[in-house]
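Asks: Below are the sequence and a predicted model for it; my questions follow.
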Amino acid sequence: MIRIQEEDFDVGTEIALMTADKAMIGGIAAFIGLVRDMAPVEGTDKRINAMNLEHYPGMTEKKLCEIEAEANRRWPLDASLVIHRYGSLKPGDQIVLVTCASAHRQAAFEACQFLIDWLKTEAPFWKLEDTDDGTMWVETRDTDKAAAARWKK
Amino acid sequence: MIRIQEEDFDVGTEIALMTADKAMIGGIAAFIGLVRDMAPVEGTDKRINAMNLEHYPGMTEKKLCEIEAEANRRWPLDASLVIHRYGSLKPGDQIVLVTCASAHRQAAFEACQFLIDWLKTEAPFWKLEDTDDGTMWVETRDTDKAAAARWKK
Amino acid sequence: MKILYFAWIRQRIGLAVEELERPPDVTTVNELINWLIGQGEGYTQAFEKRDVIRVAVNQDYVSFDHPIADDDEIAFFPPVTGG
Amino acid sequence: MKILYFAWIRQRIGLAVEELERPPDVTTVNELINWLIGQGEGYTQAFEKRDVIRVAVNQDYVSFDHPIADDDEIAFFPPVTGG
(Lines give C-alpha, C1' and ligand atoms only; values in the text may rest on other atoms or scores of the structure.)
Protein backbone atom coordinates (compact mmCIF):
# COMPACT_ATOMS: atom_id res chain seq x y z
CA MET A 1 0.00 0.00 0.00
CA ILE A 2 1.13 3.55 -0.62
CA ARG A 3 -0.04 6.77 1.00
CA ILE A 4 0.88 10.36 0.21
CA GLN A 5 -0.26 12.64 3.01
CA GLU A 6 0.34 15.91 4.78
CA GLU A 7 -0.30 14.51 8.28
CA ASP A 8 2.25 12.75 10.48
CA PHE A 9 2.07 8.99 10.98
CA ASP A 10 2.69 6.64 13.91
CA VAL A 11 5.20 3.94 13.02
CA GLY A 12 3.92 1.39 15.56
CA THR A 13 0.30 1.78 14.49
CA GLU A 14 1.14 1.55 10.79
CA ILE A 15 3.24 -1.59 11.22
CA ALA A 16 0.61 -3.23 13.42
CA LEU A 17 -2.09 -2.48 10.83
CA MET A 18 0.08 -3.78 8.01
CA THR A 19 0.73 -7.10 9.72
CA ALA A 20 -2.72 -7.64 11.30
CA ASP A 21 -4.19 -11.04 10.36
CA LYS A 22 -1.10 -12.02 8.38
CA ALA A 23 0.24 -14.80 10.55
CA MET A 24 3.04 -16.08 8.31
CA ILE A 25 5.07 -12.91 8.73
CA GLY A 26 8.35 -13.59 10.47
CA GLY A 27 10.12 -10.30 10.10
CA ILE A 28 9.48 -6.67 9.30
CA ALA A 29 12.14 -4.31 8.01
CA ALA A 30 11.45 -0.60 8.15
CA PHE A 31 13.07 2.68 7.24
CA ILE A 32 12.01 6.04 8.67
CA GLY A 33 13.39 9.27 7.19
CA LEU A 34 13.51 12.42 9.31
CA VAL A 35 14.14 16.08 8.60
CA ARG A 36 17.70 16.83 9.63
CA ASP A 37 18.55 20.16 11.18
CA MET A 38 21.82 20.42 9.28
CA ALA A 39 22.13 21.02 5.58
CA PRO A 40 23.18 17.72 4.02
CA VAL A 41 26.02 19.42 2.11
CA GLU A 42 29.31 18.23 3.59
CA GLY A 43 31.35 20.81 5.39
CA THR A 44 28.59 23.34 5.96
CA ASP A 45 26.85 23.99 9.24
CA LYS A 46 23.77 25.76 7.92
CA ARG A 47 20.84 25.04 10.16
CA ILE A 48 17.51 24.13 8.66
CA ASN A 49 14.62 25.98 10.32
CA ALA A 50 11.85 24.45 8.24
CA MET A 51 11.27 22.57 5.02
CA ASN A 52 8.57 22.44 2.40
CA LEU A 53 8.06 19.23 0.47
CA GLU A 54 6.46 19.71 -2.94
CA HIS A 55 5.31 16.79 -5.06
CA TYR A 56 3.55 15.96 -8.31
CA PRO A 57 0.09 14.67 -7.31
CA GLY A 58 -0.92 11.82 -9.57
CA MET A 59 2.54 10.94 -10.81
CA THR A 60 3.77 10.35 -7.25
CA GLU A 61 1.03 7.78 -6.60
CA LYS A 62 1.48 6.18 -10.03
CA LYS A 63 5.25 5.74 -9.71
CA LEU A 64 5.07 4.53 -6.11
CA CYS A 65 2.43 1.93 -6.99
CA GLU A 66 4.61 0.71 -9.86
CA ILE A 67 7.72 0.40 -7.74
CA GLU A 68 5.85 -1.28 -4.90
CA ALA A 69 4.56 -3.85 -7.41
CA GLU A 70 8.13 -4.33 -8.67
CA ALA A 71 9.36 -4.96 -5.10
CA ASN A 72 6.64 -7.56 -4.68
CA ARG A 73 7.72 -9.23 -7.94
CA ARG A 74 11.37 -9.34 -6.85
CA TRP A 75 10.93 -10.49 -3.24
CA PRO A 76 8.45 -12.82 -1.46
CA LEU A 77 6.71 -10.13 0.60
CA ASP A 78 3.63 -10.65 2.74
CA ALA A 79 2.97 -6.94 3.03
CA SER A 80 4.53 -3.62 2.11
CA LEU A 81 3.74 -0.01 2.93
CA VAL A 82 5.13 3.34 1.83
CA ILE A 83 3.96 6.56 3.48
CA HIS A 84 5.44 9.83 2.21
CA ARG A 85 4.51 13.23 3.58
CA TYR A 86 4.38 16.57 1.73
CA GLY A 87 3.91 20.14 2.86
CA SER A 88 5.55 22.01 5.71
CA LEU A 89 7.90 20.09 8.00
CA LYS A 90 10.22 20.95 10.89
CA PRO A 91 13.60 19.49 11.90
CA GLY A 92 13.11 16.08 13.48
CA ASP A 93 9.76 15.51 11.76
CA GLN A 94 9.12 12.20 10.04
CA ILE A 95 9.13 12.43 6.23
CA VAL A 96 8.84 8.88 5.01
CA LEU A 97 8.12 5.35 6.20
CA VAL A 98 8.99 2.33 4.08
CA THR A 99 8.26 -1.07 5.56
CA CYS A 100 8.22 -4.60 4.18
CA ALA A 101 7.17 -7.84 5.86
CA SER A 102 8.28 -11.30 4.86
CA ALA A 103 8.78 -14.78 6.22
CA HIS A 104 12.39 -14.21 5.10
CA ARG A 105 14.34 -11.55 6.96
CA GLN A 106 16.78 -10.88 4.14
CA ALA A 107 13.95 -10.37 1.64
CA ALA A 108 12.29 -7.84 3.94
CA PHE A 109 15.56 -5.87 4.33
CA GLU A 110 16.40 -5.92 0.62
CA ALA A 111 12.93 -4.87 -0.52
CA CYS A 112 12.93 -2.06 2.04
CA GLN A 113 16.30 -0.78 0.81
CA PHE A 114 15.22 -1.13 -2.82
CA LEU A 115 12.10 0.98 -2.17
CA ILE A 116 13.84 3.79 -0.29
CA ASP A 117 16.75 3.88 -2.76
CA TRP A 118 14.32 4.05 -5.65
CA LEU A 119 12.13 6.62 -3.91
CA LYS A 120 15.09 8.94 -3.31
CA THR A 121 15.96 9.06 -7.02
CA GLU A 122 12.66 8.58 -8.86
CA ALA A 123 9.65 9.69 -6.80
CA PRO A 124 8.67 13.25 -7.83
CA PHE A 125 9.26 15.11 -4.56
CA TRP A 126 11.32 18.26 -4.08
CA LYS A 127 12.61 19.66 -0.80
CA LEU A 128 12.79 23.41 -0.29
CA GLU A 129 14.80 24.11 2.84
CA ASP A 130 14.44 27.29 4.85
CA THR A 131 17.93 27.79 6.28
CA ASP A 132 19.79 30.56 8.09
CA ASP A 133 20.95 31.65 4.60
CA GLY A 134 17.45 31.78 3.08
CA THR A 135 15.49 29.17 1.13
CA MET A 136 17.25 26.71 -1.13
CA TRP A 137 16.21 23.69 -3.15
CA VAL A 138 17.94 20.54 -1.96
CA GLU A 139 20.17 19.00 -4.59
CA THR A 140 20.34 15.35 -5.54
CA ARG A 141 23.19 13.47 -3.90
CA ASP A 142 25.53 11.24 -5.89
CA THR A 143 25.42 8.66 -3.09
CA ASP A 144 21.66 8.33 -3.67
CA LYS A 145 22.19 7.75 -7.39
CA ALA A 146 24.80 5.09 -6.63
CA ALA A 147 22.50 3.41 -4.13
CA ALA A 148 19.67 3.26 -6.68
CA ALA A 149 21.97 1.96 -9.43
CA ARG A 150 22.58 -1.23 -7.39
CA TRP A 151 19.06 -2.43 -8.17
CA LYS A 152 19.14 -1.92 -11.94
CA LYS A 153 18.29 -5.06 -13.85
CA MET B 1 20.74 0.70 24.50
CA ILE B 2 19.59 -2.84 25.15
CA ARG B 3 16.55 -4.09 27.04
CA ILE B 4 15.49 -7.63 27.93
CA GLN B 5 11.90 -7.66 29.08
CA GLU B 6 8.76 -9.75 29.41
CA GLU B 7 6.38 -6.92 28.41
CA ASP B 8 5.46 -5.92 24.89
CA PHE B 9 6.86 -2.72 23.35
CA ASP B 10 5.50 -0.02 21.04
CA VAL B 11 7.72 0.46 18.01
CA GLY B 12 6.70 4.08 17.38
CA THR B 13 7.27 5.13 20.98
CA GLU B 14 10.64 3.37 21.18
CA ILE B 15 11.91 4.93 17.95
CA ALA B 16 10.69 8.39 18.97
CA LEU B 17 12.45 8.08 22.35
CA MET B 18 15.63 6.86 20.69
CA THR B 19 15.82 9.80 18.30
CA ALA B 20 14.56 12.54 20.63
CA ASP B 21 16.99 15.47 20.80
CA LYS B 22 19.31 13.91 18.23
CA ALA B 23 18.80 16.26 15.33
CA MET B 24 21.53 14.99 13.00
CA ILE B 25 19.71 11.72 12.40
CA GLY B 26 18.67 11.34 8.80
CA GLY B 27 17.48 7.79 8.70
CA ILE B 28 16.36 4.99 10.97
CA ALA B 29 16.43 1.34 9.98
CA ALA B 30 14.46 -1.11 12.06
CA PHE B 31 13.70 -4.80 12.24
CA ILE B 32 10.77 -6.28 14.14
CA GLY B 33 10.52 -10.03 14.66
CA LEU B 34 7.14 -11.65 15.26
CA VAL B 35 5.99 -15.07 16.43
CA ARG B 36 4.86 -16.97 13.35
CA ASP B 37 1.89 -19.32 13.56
CA MET B 38 3.54 -21.90 11.32
CA ALA B 39 6.46 -24.04 12.31
CA PRO B 40 9.52 -22.69 10.50
CA VAL B 41 10.43 -26.17 9.29
CA GLU B 42 9.92 -26.31 5.52
CA GLY B 43 7.22 -28.61 4.28
CA THR B 44 5.32 -28.92 7.56
CA ASP B 45 2.07 -27.20 8.40
CA LYS B 46 2.22 -27.56 12.16
CA ARG B 47 0.51 -24.62 13.78
CA ILE B 48 2.11 -22.92 16.74
CA ASN B 49 -0.36 -22.23 19.54
CA ALA B 50 2.07 -20.55 21.90
CA MET B 51 5.77 -20.14 22.53
CA ASN B 52 7.98 -19.79 25.55
CA LEU B 53 11.20 -17.85 25.21
CA GLU B 54 13.86 -18.84 27.74
CA HIS B 55 17.10 -16.91 28.12
CA TYR B 56 20.25 -16.76 30.23
CA PRO B 57 19.87 -13.67 32.45
CA GLY B 58 23.20 -11.93 32.78
CA MET B 59 24.86 -13.44 29.74
CA THR B 60 22.11 -12.12 27.45
CA GLU B 61 22.69 -8.54 28.61
CA LYS B 62 26.48 -8.94 28.52
CA LYS B 63 26.58 -10.32 24.96
CA LEU B 64 24.04 -7.81 23.63
CA CYS B 65 25.97 -4.89 25.12
CA GLU B 66 29.16 -6.18 23.52
CA ILE B 67 27.61 -6.58 20.10
CA GLU B 68 25.89 -3.21 20.25
CA ALA B 69 29.28 -1.64 21.04
CA GLU B 70 30.77 -3.52 18.07
CA ALA B 71 28.03 -2.18 15.75
CA ASN B 72 28.82 1.33 16.95
CA ARG B 73 32.52 0.74 16.21
CA ARG B 74 31.83 -0.50 12.69
CA TRP B 75 29.22 2.08 11.61
CA PRO B 76 28.70 5.81 12.33
CA LEU B 77 25.51 5.45 14.37
CA ASP B 78 23.76 8.23 16.26
CA ALA B 79 21.65 5.81 18.27
CA SER B 80 20.88 2.12 18.52
CA LEU B 81 18.37 0.08 20.46
CA VAL B 82 17.74 -3.63 20.91
CA ILE B 83 14.67 -4.87 22.79
CA HIS B 84 14.22 -8.63 23.19
CA ARG B 85 11.32 -10.24 25.00
CA TYR B 86 11.27 -13.48 26.98
CA GLY B 87 8.50 -15.55 28.55
CA SER B 88 5.18 -16.62 27.11
CA LEU B 89 4.26 -15.35 23.64
CA LYS B 90 1.42 -15.96 21.20
CA PRO B 91 1.40 -16.09 17.37
CA GLY B 92 1.70 -12.57 15.96
CA ASP B 93 3.33 -11.19 19.13
CA GLN B 94 6.41 -9.04 18.79
CA ILE B 95 9.61 -10.79 19.93
CA VAL B 96 12.41 -8.41 19.07
CA LEU B 97 13.09 -4.85 17.92
CA VAL B 98 16.45 -3.83 16.51
CA THR B 99 16.79 -0.25 15.36
CA CYS B 100 19.74 1.93 14.33
CA ALA B 101 19.83 5.60 13.46
CA SER B 102 22.45 7.32 11.36
CA ALA B 103 23.00 10.30 9.11
CA HIS B 104 23.85 7.64 6.52
CA ARG B 105 21.00 5.40 5.39
CA GLN B 106 23.25 2.53 4.33
CA ALA B 107 25.04 2.50 7.69
CA ALA B 108 21.72 2.31 9.53
CA PHE B 109 20.57 -0.64 7.39
CA GLU B 110 23.85 -2.54 7.64
CA ALA B 111 24.18 -2.12 11.41
CA CYS B 112 20.57 -3.23 11.88
CA GLN B 113 21.15 -6.37 9.80
CA PHE B 114 24.42 -7.05 11.59
CA LEU B 115 22.68 -6.89 14.97
CA ILE B 116 19.75 -9.13 14.10
CA ASP B 117 21.98 -11.64 12.28
CA TRP B 118 24.30 -11.77 15.27
CA LEU B 119 21.43 -11.96 17.75
CA LYS B 120 19.90 -14.95 15.94
CA THR B 121 23.09 -16.99 16.27
CA GLU B 122 24.79 -15.78 19.46
CA ALA B 123 22.32 -14.30 21.95
CA PRO B 124 21.40 -16.98 24.55
CA PHE B 125 17.66 -17.35 23.86
CA TRP B 126 15.77 -20.60 23.23
CA LYS B 127 12.29 -20.95 21.78
CA LEU B 128 10.02 -23.72 23.01
CA GLU B 129 7.04 -23.95 20.67
CA ASP B 130 3.70 -25.40 21.74
CA THR B 131 2.37 -26.90 18.50
CA ASP B 132 -0.48 -29.21 17.53
CA ASP B 133 2.06 -32.05 17.91
CA GLY B 134 3.18 -31.06 21.43
CA THR B 135 6.06 -28.88 22.61
CA MET B 136 9.30 -28.79 20.67
CA TRP B 137 12.49 -26.78 20.93
CA VAL B 138 13.10 -24.70 17.82
CA GLU B 139 16.24 -25.72 15.96
CA THR B 140 18.89 -23.37 14.61
CA ARG B 141 18.51 -22.65 10.91
CA ASP B 142 21.44 -22.89 8.52
CA THR B 143 20.28 -19.70 6.78
CA ASP B 144 20.78 -17.84 10.07
CA LYS B 145 24.33 -19.19 10.40
CA ALA B 146 25.10 -18.12 6.84
CA ALA B 147 23.65 -14.65 7.47
CA ALA B 148 25.82 -14.19 10.57
CA ALA B 149 28.94 -15.45 8.79
CA ARG B 150 28.77 -12.47 6.41
CA TRP B 151 29.88 -10.14 9.19
CA LYS B 152 32.92 -12.13 10.39
CA LYS B 153 36.07 -10.08 10.37
CA MET C 1 -1.66 20.27 -24.02
CA LYS C 2 -1.28 20.64 -20.26
CA ILE C 3 2.16 21.60 -19.02
CA LEU C 4 3.24 21.41 -15.36
CA TYR C 5 6.31 22.94 -13.73
CA PHE C 6 7.75 22.00 -10.34
CA ALA C 7 10.28 23.34 -7.81
CA TRP C 8 12.72 25.95 -9.16
CA ILE C 9 11.41 25.54 -12.71
CA ARG C 10 7.98 26.57 -11.45
CA GLN C 11 9.53 29.50 -9.57
CA ARG C 12 11.46 30.78 -12.61
CA ILE C 13 8.50 30.50 -14.98
CA GLY C 14 6.13 31.84 -12.36
CA LEU C 15 3.47 29.26 -13.16
CA ALA C 16 2.63 25.81 -11.80
CA VAL C 17 0.47 24.74 -14.72
CA GLU C 18 -0.67 26.06 -18.09
CA GLU C 19 -2.73 24.93 -21.07
CA LEU C 20 -1.00 25.57 -24.40
CA GLU C 21 -1.72 25.00 -28.08
CA ARG C 22 1.43 23.63 -29.67
CA PRO C 23 2.43 24.85 -33.16
CA PRO C 24 2.20 21.98 -35.67
CA ASP C 25 5.99 21.69 -36.04
CA VAL C 26 6.50 21.08 -32.28
CA THR C 27 6.37 17.28 -32.12
CA THR C 28 8.94 16.27 -29.46
CA VAL C 29 9.85 17.32 -25.92
CA ASN C 30 13.02 18.96 -27.23
CA GLU C 31 11.10 20.99 -29.79
CA LEU C 32 8.62 21.99 -27.07
CA ILE C 33 11.45 23.31 -24.88
CA ASN C 34 12.93 25.26 -27.81
CA TRP C 35 9.53 26.81 -28.45
CA LEU C 36 8.89 27.59 -24.75
CA ILE C 37 12.24 29.37 -24.44
CA GLY C 38 10.90 31.87 -27.00
CA GLN C 39 7.91 32.66 -24.76
CA GLY C 40 9.76 34.86 -22.28
CA GLU C 41 12.70 35.44 -19.93
CA GLY C 42 11.34 33.10 -17.22
CA TYR C 43 11.25 30.19 -19.65
CA THR C 44 14.76 30.98 -20.87
CA GLN C 45 16.06 30.88 -17.29
CA ALA C 46 14.08 27.78 -16.42
CA PHE C 47 15.45 25.76 -19.34
CA GLU C 48 18.97 27.25 -19.23
CA LYS C 49 20.55 23.99 -18.03
CA ARG C 50 18.48 21.61 -20.07
CA ASP C 51 20.58 18.55 -19.23
CA VAL C 52 19.68 18.64 -15.53
CA ILE C 53 15.93 18.81 -16.17
CA ARG C 54 13.71 15.76 -16.09
CA VAL C 55 10.54 15.43 -18.12
CA ALA C 56 7.47 13.25 -17.72
CA VAL C 57 4.79 12.72 -20.34
CA ASN C 58 1.50 11.45 -18.95
CA GLN C 59 3.25 10.84 -15.61
CA ASP C 60 6.01 8.60 -16.96
CA TYR C 61 9.66 9.59 -17.29
CA VAL C 62 10.65 10.05 -20.95
CA SER C 63 13.71 11.22 -22.87
CA PHE C 64 13.86 14.57 -24.67
CA ASP C 65 13.23 13.03 -28.09
CA HIS C 66 9.89 11.61 -26.92
CA PRO C 67 6.95 12.56 -29.21
CA ILE C 68 4.18 14.75 -27.81
CA ALA C 69 0.49 14.91 -28.67
CA ASP C 70 -2.22 17.54 -28.14
CA ASP C 71 -3.86 15.84 -25.17
CA ASP C 72 -0.63 14.99 -23.33
CA GLU C 73 0.17 16.05 -19.76
CA ILE C 74 3.80 17.16 -19.84
CA ALA C 75 5.78 17.96 -16.69
CA PHE C 76 9.20 19.58 -16.28
CA PHE C 77 11.09 19.37 -13.01
CA PRO C 78 14.57 19.26 -11.46
CA PRO C 79 16.11 16.02 -10.12
CA VAL C 80 13.93 14.70 -7.32
CA THR C 81 14.89 14.93 -3.64
CA GLY C 82 12.23 13.05 -1.69
CA GLY C 83 12.68 10.37 0.93
CA MET D 1 31.47 -24.07 40.86
CA LYS D 2 28.06 -22.96 39.66
CA ILE D 3 26.66 -24.87 36.70
CA LEU D 4 23.64 -23.73 34.68
CA TYR D 5 21.61 -25.73 32.18
CA PHE D 6 19.19 -24.31 29.61
CA ALA D 7 16.46 -25.54 27.24
CA TRP D 8 16.43 -29.29 26.55
CA ILE D 9 19.66 -29.82 28.50
CA ARG D 10 17.89 -28.41 31.56
CA GLN D 11 14.89 -30.65 30.88
CA ARG D 12 16.98 -33.81 30.55
CA ILE D 13 19.04 -33.14 33.67
CA GLY D 14 15.99 -31.89 35.56
CA LEU D 15 17.86 -28.96 37.05
CA ALA D 16 18.34 -25.33 36.01
CA VAL D 17 21.31 -24.66 38.26
CA GLU D 18 23.50 -26.51 40.73
CA GLU D 19 26.57 -25.88 42.90
CA LEU D 20 29.20 -28.60 42.57
CA GLU D 21 32.66 -29.33 44.00
CA ARG D 22 34.81 -30.50 41.11
CA PRO D 23 37.28 -33.35 41.70
CA PRO D 24 40.90 -32.08 41.46
CA ASP D 25 41.51 -33.87 38.13
CA VAL D 26 38.57 -32.10 36.41
CA THR D 27 40.33 -29.05 34.92
CA THR D 28 38.64 -28.43 31.53
CA VAL D 29 35.08 -28.21 30.19
CA ASN D 30 35.56 -31.56 28.46
CA GLU D 31 36.67 -33.24 31.66
CA LEU D 32 33.73 -31.67 33.47
CA ILE D 33 31.29 -33.15 30.94
CA ASN D 34 32.92 -36.58 31.26
CA TRP D 35 32.57 -36.37 35.02
CA LEU D 36 28.94 -35.12 34.87
CA ILE D 37 27.96 -38.03 32.59
CA GLY D 38 28.86 -40.33 35.47
CA GLN D 39 26.40 -38.56 37.76
CA GLY D 40 23.25 -40.13 36.35
CA GLU D 41 21.06 -41.05 33.39
CA GLY D 42 19.79 -37.47 32.89
CA TYR D 43 23.34 -36.18 32.45
CA THR D 44 24.17 -39.00 30.04
CA GLN D 45 21.17 -38.09 27.89
CA ALA D 46 21.86 -34.36 28.11
CA PHE D 47 25.46 -34.71 26.90
CA GLU D 48 24.79 -37.51 24.41
CA LYS D 49 25.42 -35.31 21.37
CA ARG D 50 28.28 -33.30 22.78
CA ASP D 51 29.17 -31.63 19.48
CA VAL D 52 25.89 -29.71 19.26
CA ILE D 53 26.19 -28.27 22.78
CA ARG D 54 27.54 -24.80 23.44
CA VAL D 55 29.32 -23.84 26.62
CA ALA D 56 29.92 -20.50 28.32
CA VAL D 57 32.34 -19.87 31.17
CA ASN D 58 31.60 -16.73 33.13
CA GLN D 59 29.09 -15.71 30.43
CA ASP D 60 31.49 -15.90 27.49
CA TYR D 61 31.47 -18.58 24.81
CA VAL D 62 34.45 -20.95 25.14
CA SER D 63 35.65 -24.14 23.49
CA PHE D 64 35.55 -27.55 25.22
CA ASP D 65 39.24 -27.47 26.08
CA HIS D 66 38.80 -24.27 28.10
CA PRO D 67 40.18 -24.51 31.69
CA ILE D 68 37.75 -24.25 34.60
CA ALA D 69 38.25 -22.93 38.12
CA ASP D 70 36.37 -23.39 41.39
CA ASP D 71 34.58 -20.05 41.30
CA ASP D 72 33.54 -20.21 37.64
CA GLU D 73 29.97 -19.93 36.37
CA ILE D 74 29.64 -22.60 33.70
CA ALA D 75 26.61 -22.86 31.42
CA PHE D 76 25.61 -25.60 28.99
CA PHE D 77 22.95 -25.03 26.35
CA PRO D 78 21.82 -25.99 22.85
CA PRO D 79 22.32 -23.72 19.82
CA VAL D 80 20.46 -20.47 20.39
CA THR D 81 17.19 -19.61 18.64
CA GLY D 82 16.32 -16.06 19.66
CA GLY D 83 15.39 -13.13 17.49
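Replies: Received, thanks.

Asks: Strands along chain C, start to end?
Replies: Ranges of strands in chain C, per DSSP state E, are C:2-5, C:17-19, C:54-57, C:60-62, C:73-77.

Asks: Quick one: those as TSV, columns for mean pLDDT too.
Replies: Conversion of the strands of chain C to TSV gives the following (pLDDT from 0 to 100):
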stretch	mean pLDDT
strand C:2-5	98
strand C:17-19	97
strand C:54-57	98
strand C:60-62	97
strand C:73-77	98
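
Asks: Compile these into CSV and extend it with columns for mean neighbour count and distance to residue D:81.
Replies: Using the backbone N, CA and C atoms, a C-beta is placed for each residue, glycine as well. Compiled in CSV, these are given as follows (neighbours: other CB atoms under 10 Å in any protein chain shown; distance: least, CB to CB, whole Å):
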stretch, mean neighbour count, distance to residue D:81
strand C:2-5, 20, 54
strand C:17-19, 11, 58
strand C:54-57, 20, 49
strand C:60-62, 14, 46
strand C:73-77, 21, 50
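
Asks: can you tell me which of those strands comes nearest to residue A:8?
Replies: Residue A:8 lies closest to strand C:73-77 among the strands of chain C, at 25.7 Å (CB to CB).

Asks: Which pLDDT value belongs to residue 16?
Replies: Since no chain was named, I'll use chain A. On pLDDT, residue A:16 comes in at 91.

Asks: Not quite, go with chain C.
Replies: pLDDT recorded at residue C:16 is 98.

Asks: Please apply the same query to residue A:72.
Replies: pLDDT, residue A:72: 97.

Asks: Quick check: it vs residue B:56, distance?
Replies: Between residue A:72 and residue B:56 the distance is 39 Å, computed by CB to CB, to the nearest Å.

Asks: more crowded one of the two?
Replies: Set residue A:72 next to residue B:56 and count neighbours by other CB atoms under 10 Å in any protein chain shown: residue B:56 wins out with 22 against 15.

Asks: Now chain A against chain B: closest residue?
Replies: Chain A approaches chain B most closely through residue A:12 (3.3 Å), counting by CB to the nearest CB.

Asks: hang on, isn't that residue packed against residue B:11?
Replies: Yes: between residue A:12 and residue B:11 there is a contact at 4.1 Å, judged by CB atoms under 8 Å.

Asks: Which of the two has more residues huddled nearby?
Replies: Set residue A:12 next to residue B:11 and count neighbours by other CB under 10 Å: residue B:11 wins out with 24 against 19.

Asks: Can you give me every residue that contacts that one?
Replies: A:11, A:12, A:15, A:30, B:30, B:32, B:94, B:97 (CB atoms under 8 Å, 6 or more residues apart in numbering or on different chains).

Asks: Dump the residues you listed into JSON lines; add distance to residue A:77 as well.
Replies: Listed next are the contacts of residue B:11 as JSON lines, based on distance: CB to CB, whole Å:
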{"residue": "A:11", "distance to residue A:77": "18"}
{"residue": "A:12", "distance to residue A:77": "20"}
{"residue": "A:15", "distance to residue A:77": "14"}
{"residue": "A:30", "distance to residue A:77": "13"}
{"residue": "B:30", "distance to residue A:77": "16"}
{"residue": "B:32", "distance to residue A:77": "15"}
{"residue": "B:94", "distance to residue A:77": "19"}
{"residue": "B:97", "distance to residue A:77": "20"}
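
Asks: Serialize those to CSV and add fields for secondary structure.
Replies: Listed next are the contacts of residue B:11 as CSV, based on DSSP: H, G, I helix; E, B strand; the rest coil:
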residue, secondary structure
A:11, helix
A:12, helix
A:15, helix
A:30, strand
B:30, strand
B:32, strand
B:94, strand
B:97, strand
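
Asks: Quick check: PyMOL command selecting the buried ones in those residues.
Replies: Here is the PyMOL command that selects the buried residues among those (16 or more other CB atoms under 10 Å in any protein chain shown):
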select buried, (chain A and resi 11+12+15+30) or (chain B and resi 30+32+94+97)
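
Asks: Closest to residue A:153 out of the contacts of residue B:11?
Replies: residue A:30 (24.5 Å).

Asks: show me what contacts the closest one?
Replies: Residue A:30 makes contacts with A:11, A:15, A:97-100, A:112, B:11, B:28-32, as judged by CB under 8 Å, 6+ apart.

Asks: Same question for residue A:54.
Replies: A:86, A:125, A:126, A:128, C:6, C:7.

Asks: Spatially, which residue comes closest to the residue lying farthest from the centre of chain A, not counting chain neighbours?
Replies: Most distant from the centre of chain A: residue A:133, at 26.9 Å, with distances by CA atoms, centre = their mean. Once flanking residues are discounted, residue A:133 sits nearest to residue A:46: 5.7 Å by CB to CB, 6 or more residues apart in numbering or on different chains.

Asks: now the strands: where do they sit in chain A?
Replies: Applying DSSP E to chain A gives strands spanning A:2-5, A:27-34, A:48-55, A:79-85, A:87-89, A:94-102, A:125-131, A:134-137.

Asks: can you put these in TSV and add mean pLDDT?
Replies: Below are the strands of chain A laid out as TSV (pLDDT from 0 to 100):
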stretch	mean pLDDT
strand A:2-5	97
strand A:27-34	96
strand A:48-55	93
strand A:79-85	97
strand A:87-89	97
strand A:94-102	96
strand A:125-131	93
strand A:134-137	91
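
Asks: could you dump these to CSV with distance to residue D:38?
Replies: Converted to CSV, the strands of chain A look like this (distance: least, CB to CB, whole Å):
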stretch, distance to residue D:38
strand A:2-5, 65
strand A:27-34, 44
strand A:48-55, 70
strand A:79-85, 54
strand A:87-89, 69
strand A:94-102, 48
strand A:125-131, 71
strand A:134-137, 77
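
Asks: coming back round to it: between the strands of chain C, which one is nearest to residue D:78?
Replies: strand C:60-62 (53.7 Å).

Asks: Run me through the strand neighbours of the closest one, direction for each.
Replies: For strand C:60-62, the pairing partners within the sheet under DSSP bridges are strand C:54-57 (antiparallel).

Asks: Kindly state the distance between the middle of the strand it pairs with and the middle of its chain.
Replies: On the basis of CA atoms, centre = their mean, to the nearest Å, the separation between the geometric centre of strand C:54-57 and that of its chain is 7 Å.
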